[in-house]
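Visitor: got a structure for you, letters missing:
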């Protein structure tokens, strides 16, 4: 039973380009969370999605960032016109039910470097 | 609203015990503990829910003081494999409407 799959594992972009990060949740999981982690910082919540719905995007910057979790296919975190401050590790997690009362399963992360 | 963890770092010898604390300024529905090794994904350790329910691994113990909005993770007879960064995550509602808010982490180093 495959775990949470994220790709790419490493992504290098120049300032102004777009970054697309993909996350396939564990089989049977319909809840997806995206977190951003900077060195020596905790995991910062960005967005919580269920299939075709954004449930909570309170942690996501209003501009340049968007997320989706379509009926078919992986969840995608999209960062437009990247800046150096976007360099970070982005982790996706999935859960069977709501994460507040259950275990989150994390992917290995996607490490974005903006030159 | 980010929970505060203490200590920031701790160094132990194998076999020693450690306590990691997590406190919140806001009323909590649940507290979650995860461990992350360098370059790897965070791994679930335990959940403590309002009302006393706990779910987690048998060798891990923790407490949740709802009135004080605090939780502590107890690591006894530490092993080398316990090394890593421990994060507490807090949830303020039970309906799944908010994602977990994690603290900055506690670095644990176990020496032989």
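Guide: Arrived safely. None of these values were measured; they are calculated from a predicted model. Numbers count the residues shown, from 1 in each chain, chains lettered A, B, ... in the order given.
Visitor: Quick check: the gap between the residue most central in space within chain A and chain B.
Guide: Taking Cα atoms, centre = their mean, the centroid of chain A lies closest to residue A:34, which sits 3.5 Å from it. Using Cβ to the nearest Cβ, to the nearest Å, residue A:34 is found at 9 Å from chain B. (Glycine included, C-beta is placed from N, CA and C.)
Visitor: Now do the same contact list for the closest residue to that residue other than its chain neighbours.
Guide: Of all residues not flanking residue A:34 in the chain, residue A:46 sits nearest, at 4.4 Å (Cβ to Cβ, 6 or more residues apart in numbering or on different chains). The neighbours of residue A:46, taking Cβ atoms under 8 Å, 6 or more residues apart in numbering or on different chains as the test, are A:33-36, A:57, A:59-60, A:65, A:67, A:77, B:99.
Visitor: can you check residue A:36 too?
Guide: The neighbours of residue A:36, taking Cβ under 8 Å, 6+ apart as the test, are A:43-44, A:46, A:88-91.
Visitor: Need the max-distance pair from those.
Guide: Maximum pairwise distance in the contacts of residue A:36, criterion Cβ to Cβ, is 12.2 Å, between A:46 and A:89.
Visitor: How about the residues of chain A by chain B?
Guide: Residues of chain A that fall close to chain B, judged by Cβ under 8 Å from any Cβ of the partner chain: A:4, A:31, A:33, A:35, A:40-48, A:55-56, A:58-59, A:91, A:93, A:97-109.
Visitor: And residue 4, what's its pLDDT?
Guide: Picked chain A for this. If you check residue A:4, the pLDDT there is 95.
Visitor: Oops, wrong one, chain B.
Guide: pLDDT, read off for residue B:4, is 95.
Visitor: now do residue A:109
Guide: Confidence score, pLDDT, at residue A:109: 96.
Visitor: and if you look at residue B:10?
Guide: For residue B:10, pLDDT reads 95.
Visitor: per-residue confidence averaged over stretch B:54-62?
Guide: 76.
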